[in-house]
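1. Fold the following for me, if possible:
(2 chains)
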Amino acid sequence: MGSEGAFSAQKRSSGALPTANAAVNGGARGRAASLLPRGRQMHKTFNNIKITILCGFVTILVLRGTIGLGNLVSYEADAENLHLTEETDRILEEIRSDKDPSDPDEGPQHYLSLNDTFSLGPRISTWDEDRKVWLEKNPQFPSYVKGKPRILMVTGSQPAPCDNAIGDHYLLKALKNKIDYCRIHGIEILYNMAHLDKEMAGFWAKLPLLRRLMLSHPEVEWIWWMDSDALFTDMVFDLPLPKYKDSNMVIHGFPDLLFNQKSWIALNTGSFLFRNCQWSLDLLDAWAPMGPKGPMREEAGKILTAYLKGRPAFEADDQSALIYLLLSQKQWMSKVFVENSFYLHGFWEGVVDRYEEMIEKYHPGLGDERWPLVTHFVGCKPCGSYGDYAVERCLKGMERAFNFADNQVLNLYGFRHRGLVSPNLKRIRNETVAPLVNVDQFDIRHAAAHHTTEPRS
Amino acid sequence: MIGRLLGPRRARQLQRFVRNGKLTILCLLLTVIMFRGYLGAGRFGTPEKDLDDIRVTLSYIRKRPEPRRVLEEAQGELKSAENAGAGSNNYADFDIRKILRDEDDGVEEFKRDPSQPYSLGSEISNWDEQRAKWLQSNPKFPNFIRENKPRVLLVTGSSPKPCENPVGDHYLLKSIKNKIDYCRLHGIEIFYNMALLDVEMSGFWAKLPLIRKLLLSHPEVEFLWWMDSDAMFTDMAFELPWERYKDVNFVLHGWDEMIYDQKNWIGLNTGSFLLRNCQWSLDILDMWAPMGPKGKVREEAGKVLTRELKERPVFEADDQSAMVYILATQKEKWASKVYLENAYYLHGYWGILVDKYEDMIESYHPGYGDHRWPLVTHFVGCKPCGKFGDYPVERCLKQMDRAFNFGDNQILRMYGFTHDSLGSRSVRRIRNETSTPLAVRDELGLLHPAFKAVKV
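-> Below you'll find the predicted structure:
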């Protein structure tokens, strides 16, 4: 900056020189100017111009040496930013794209035609006996632990990042929510992020996965499938498993909607239980044929739209296919328990606005419309770009449901969220020198074990 | 005027002198400036350097938010800026901060007395007795699942707010899935924390109040295993050698010489460690905490640590340096119950491991846990959730993908699948479906491993 000042000073003075010259000379010789020969005048002008050019040249040299041509300050920074932007864009695009740079080029997608048959795997017909034999040979992996049947919760999401960062964030929160419920209730979790069968992609991906898990884990008695957009909102409620001793599938729905109205939302496959047995393998085999991507799924979609009430026109989905299957093949219903005494699946729209009311009037452990076990954000699709509902409503609802459930977990530790839309906590119980008193009172597992009075929310 | 004083001839001479003088001074000035610009002027520096300094300062101020803005903008080409309001179904432009806010729900809050010096909680001195009594009255919640197999709670966590980096949450998701897989195989429970229990103990210090709270609330837990969110399991078959730790209370990865002799700030790593649920642990947590509270305390402590520890850069106090300092200066008090493990990678620095995965696959097999097949690959310094890491973004994220797939392959193999390559998200079948699935055994025996067996 000092040099600039010098320049301007120099410029000013160099500008001043000729005029000073002129003033000095002109003044003194002004009267004599007309007396000077033209040659002398030109000579003088030349001198002045020479000096001006020289000074100008020197100025440019010095300026170039220090500040440089053009606007170097923002030029460099701009170039850096541009480079950073480009690099980050490229990395993000690569990560987001489904096509891996390391994958060999796949040929054109080969879809099964309508004449082909699809099967999930070689037919197995003796699974019940095989499993029984295995369990007898492996007593260290029993199917009942401490009197309770072993349950495996299965959920998952796509292997690639969501279309938007917020989608991954809510997948993470939903997973934490499931981890909490499962830890409290002694359930194991499996989070799937792989497409096991390219043909059964999308909502059908659960079928090959369920089959594979059942066959690999004979010690598992029940498999509980849960969608990634479903959140537990009652951390205390335990499934009434003795109720299902004669059933092999437990699914939330309404018999009236199912049998009388043949509605496509009569049952919900976002949260259901499947016993590990031959019947279930058979059901999966009967369920699968509408699934394979391509003409099979498209054609099946048309059948389902025609048959089921209220179903829009789109390719076959697993839920509609199951309803169709249960209605058209009567042999399955005897082992299917259509549960609606509690919210094994709870559609979010009717639930998320009532959390404050629930906190005021009721308490956890009910599992039904008073304190839903599950709040299921059907249609929100936060992992994609567009949902069926307004984004703000969906995300606010998910945040509220998450915090509503998290409060029940944090209760043991003496904390609570500052409101249902806040990530921040407040302390609701002081630290004490006898923490075990609180543990006995507030730990959900101990409260259940000791059959104490219903825990407060 | 001068002319009148000195006489016309003298005046003219003087004027000429002045004129020449001006020229001379001007040229001299120019020369000096030019020389200064090109050759420098010793300790005064050059104008170029001045300008450089100014440029750097300006761009530093501009650069700070720049990458974040870059990363945020990289998301949405469609900028329906103000239309992402209540009616929009498009997730691309929605800012979650519109929703998040604190509200008062009427439940009474208990605040820590700010005039008191910071403490993690009321001082407890008989925790061992309290806990022993509780375990006796609760036989359904034993602290040992089997002989030599303690009940372990793995604790990890991340921020409740979305990551600054648009793909950060995706990597957090993969990381927790990886931990879920390991823990399911090894019969370990998980606690994923997304809450800041104590505003003063923010950042890396947030684990201290959390750990204490969990120890006191879960007396049935024998060992608490803290693991950073940027650490991944890469050996699914390795079971921790629990008998080795039966007489110690604190297991960290590190080297005795580097702590007790050299006081090196990276002589141990607090990204993955085991802490027994006992009075000793509560005591060491109380000794650890004082350097943590945000603000002046942490700054000052940082200076002390930089001074006392070898090769520590200048920054605020972090929990790892603080632990090094405690162990090095109070060796007699704590060292007997601290085990610095380096026979396997309880923490494995990613820089030296990630390029060798293919070699490991070729030469070794899971179960070693050490340099041949690391138990944990810890992406120290990558900070995928934040704006800035210490390493290039591309290397970090690509390598995290590889480490994830390296671990995931061991899980998928149980079911007859594997990733197409370590960099690929897609999987392919390596074992056909059969009609006698129970006759098939997975090579690693991870479907029904001994360490998951229930006491018969």
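
2. use CA for all of it now, contacts and neighbours both
-> OK.

3. Do you have the helices of chain B handy? List them.
-> B:2-6, B:8-39, B:47-63, B:66-73, B:127-137, B:168-186, B:207-217, B:256, B:279-288, B:296-308, B:319-329, B:331-334, B:357-363, B:393-412 (DSSP state H).

4. among those helices, which gets the worst mean confidence?
-> Mean pLDDT is lowest for helix B:66-73 out of the helices of chain B, coming in at a mean of 39.

5. thinking again about what came up before, got CSV for the helices of chain B, with distance to B:Thr234 and mean neighbour count too?
-> Shown next, in CSV, are those (distance: least, CA to CA, whole Å; neighbours: other CA atoms under 10 Å in any protein chain shown):
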stretch, distance to B:Thr234, mean neighbour count
helix B:2-6, 94, 11
helix B:8-39, 56, 15
helix B:47-63, 36, 15
helix B:66-73, 29, 17
helix B:127-137, 34, 15
helix B:168-186, 9, 22
helix B:207-217, 23, 20
helix B:256, 25, 19
helix B:279-288, 28, 18
helix B:296-308, 33, 18
helix B:319-329, 23, 21
helix B:331-334, 31, 13
helix B:357-363, 10, 13
helix B:393-412, 4, 21
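
6. Nearest to A:Asn192, out of these?
-> helix B:168-186 (8.3 Å; CA to CA).

7. circling back to that earlier point, okay, the helices of chain B in TSV with distance to chain A next?
-> Compiled in TSV, these are given as follows (distance: least, CA to the nearest CA, whole Å):
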stretch	distance to chain A
helix B:2-6	10
helix B:8-39	6
helix B:47-63	5
helix B:66-73	6
helix B:127-137	8
helix B:168-186	5
helix B:207-217	6
helix B:256	35
helix B:279-288	12
helix B:296-308	22
helix B:319-329	23
helix B:331-334	23
helix B:357-363	15
helix B:393-412	6
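
8. who touches A:Leu304 in this structure?
-> A:Arg311, A:Ala316, A:Ser320, A:Ala321, A:Tyr324 (CA atoms under 8 Å, 6 or more residues apart in numbering or on different chains).

9. Quick check: longest strand in chain B by residues?
-> The residue-count maximum for a strand in chain B (DSSP state E) belongs to strand B:268-276.

10. swap in chain A?
-> Ranked by residue count and defined by DSSP E, the top strand of chain A is strand A:267-275.

11. Other residues contacting stretch B:143-151?
-> For stretch B:143-151, contacts defined as CA under 8 Å, 6+ apart pick out B:Leu135, B:Pro142, B:Ile188, B:Pro219, B:Glu220, B:Val221, B:Glu222, B:Phe223, B:Trp242, B:Glu243, B:Val454, B:Lys455.

12. If we use 7 Å, what do you get?
-> With contact meaning CA atoms under 7 Å, 6 or more residues apart in numbering or on different chains, stretch B:143-151 is reached by B:Glu220, B:Val221, B:Glu222, B:Phe223, B:Trp242, B:Glu243, B:Lys455.

13. What is the neighbour count of B:Leu197?
-> Using other CA atoms under 10 Å in any protein chain shown, B:Leu197 has 23 other residues around it.

14. same check, this time on A:Tyr355
-> 18.

15. With the one 4 residues further on instead?
-> Other residues within reach of A:Ile359, judged by other CA under 10 Å, total 15.

16. secondary structure class for it?
-> Of the three states, A:Ile359 takes helix under DSSP: H, G, I helix; E, B strand; the rest coil.

17. thinking again about what came up before, each with direction, which strands does the longest strand of chain B pair with?
-> strand B:223-227 (antiparallel), strand B:250-254 (antiparallel) (DSSP bridges).

18. Next, A:Tyr386: phi, psi?
-> With angles defined as degrees, to the nearest 10, A:Tyr386 sits at phi -130, psi 140.

19. got the contact list for it?
-> Per CA under 7 Å, 6+ apart, neighbours of A:Tyr386: B:Asn89, B:Asn90, B:Tyr91.

20. For beta bridges, what are the partners of the second one?
-> Beta-bridge partners for B:Asn90, by DSSP bridges, are A:Tyr386.

21. my guess is A:Lys426 is in a helix, correct?
-> No: counting by three-state DSSP, A:Lys426 is not part of a helix but strand.

22. Do I have it right that it meets A:Arg418?
-> Yes: using CA atoms under 7 Å, A:Lys426 is in contact with A:Arg418, at 6.1 Å.

23. Tell me where the stretch 351-457 of chain A is predicted with low confidence.
-> For the stretch 351-457 of chain A, the stretches with pLDDT under 70 are A:448-457.

24. So what's the gap between the longest helix seen in chain A and the chain middle?
-> If you go by DSSP H, chain A has its longest helix at helix A:38-66. How far helix A:38-66 lies from its chain's middle: 70 Å, per CA atoms, centre = their mean, to the nearest Å.

25. next one: stretch B:114-122
-> 26 Å.

26. Quick check: residues of the stretch 301-450 of chain A near chain B?
-> Within reach of chain B by CA under 7 Å from any CA of the partner chain, the stretch 301-450 of chain A has these residues: A:382, A:385-392, A:396, A:413, A:418-419, A:421-433, A:435, A:439.

27. Among those residues, which lie within strands?
-> Going by DSSP E, the strands hold A:Leu425, A:Lys426, A:Arg427 from those.

28. top of those residues by neighbour count?
-> When neighbours are counted by other CA under 10 Å, A:Arg427 leads those with 22 neighbours.
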